[in-house]
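Visitor: Structure for this input, please:
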Amino acid sequence: MLGTRGEDDLDGKVAARLDRQHILQRDQPPVMWVVLSEAVLHQEVGGREVMREQLAHLLTLQKRRWLEIQVLPFEAGAHTGLMGSFTLLRFDKDPDVVYTEDFVQGHMTANPEAVREGSVRYDHLQAAAHSVDDSAALIARVMEERYGIEPERDGRDVA
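Guide: Reported below is the predicted structural model:
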């Protein structure tokens, strides 16, 4: 997605994104709960092999006890995520933060009202999403039906 508009320094941006993934390999990585739209499983970006690798990567991440992925099905219809993606960051000793972005820039705030609104929206998304196990089954099914069963690994990391 980084290169869809011919961005400058695409290699550098991809390298930075891959480097950030090392955070997930720490001895004590951050806890992550993610709700993905079912659309991201079907929107083919980068070709069949890339999609197969991406979905296989999601299934690998699902096996980590500190990371949960849920898929929000198409059947959920209108939902609170349609207004845009957002990220909630919770800290032990610092204020919670909500991060949003548009096509120009990102915005982070610790405003308690914004964090509360983000929390409520996320709770609604989680409630409408498939369970973690059902989400993994859906990811595996889409990977098999749309992109083939086994990813053809070429040794590269997935961004």
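Visitor: What separation is there between the residue lying farthest from the centre of the chain and residue 116?
Guide: The centre of the chain is farthest from one residue, residue 93, which by Cα atoms, centre = their mean lies 25.2 Å away. Separation of residue 93 from residue 116 (Cβ to Cβ, to the nearest Å) stands at 19 Å. Heads up, the C-betas are built off the backbone N, CA and C, glycines and all.
Visitor: And residue 66, by the same measure?
Guide: Distance from residue 66 to residue 116, by Cβ to Cβ: 25 Å.
Visitor: With residue 53 instead?
Guide: For residue 53, the distance to residue 116 - Cβ to Cβ - is 38 Å.
Visitor: Not counting stretch 73-93 itself, show me its contacts.
Guide: Here stretch 73-93 makes contact (Cβ atoms under 8 Å, 6 or more residues apart in numbering) with 35, 37-39, 72, 96-102, 115, 118-122, 124-125, 128-130, 138.
Visitor: mind listing what residue 64 touches?
Guide: By Cβ under 8 Å, 6+ apart, the neighbours of residue 64 are 24, 29.
Visitor: and if we set it to 10 Å?
Guide: The contact partners of residue 64, taken as Cβ atoms under 10 Å, 6 or more residues apart in numbering, are 24, 25, 29, 32.
Visitor: out of these, which are buried?
Guide: The neighbour-count criterion (16 or more other Cβ atoms under 10 Å) marks none of these as buried.
Visitor: Just give me the closest of those to residue 110.
Guide: Checking these against residue 110 by Cβ to Cβ gives residue 32 as the nearest, at 19.7 Å.
Visitor: which residues does the closest one bridge with?
Guide: In this entry, residue 32 is beta-bridged to residue 67, by DSSP bridges.
Visitor: now swap in residue 71 and tell me
Guide: With DSSP bridges as the rule, residue 71 is bridged to residue 36.
Visitor: Is residue 141 in a helix, a strand, or coil?
Guide: Residue 141 carries the three-state label helix when classified by DSSP: H, G, I helix; E, B strand; the rest coil.
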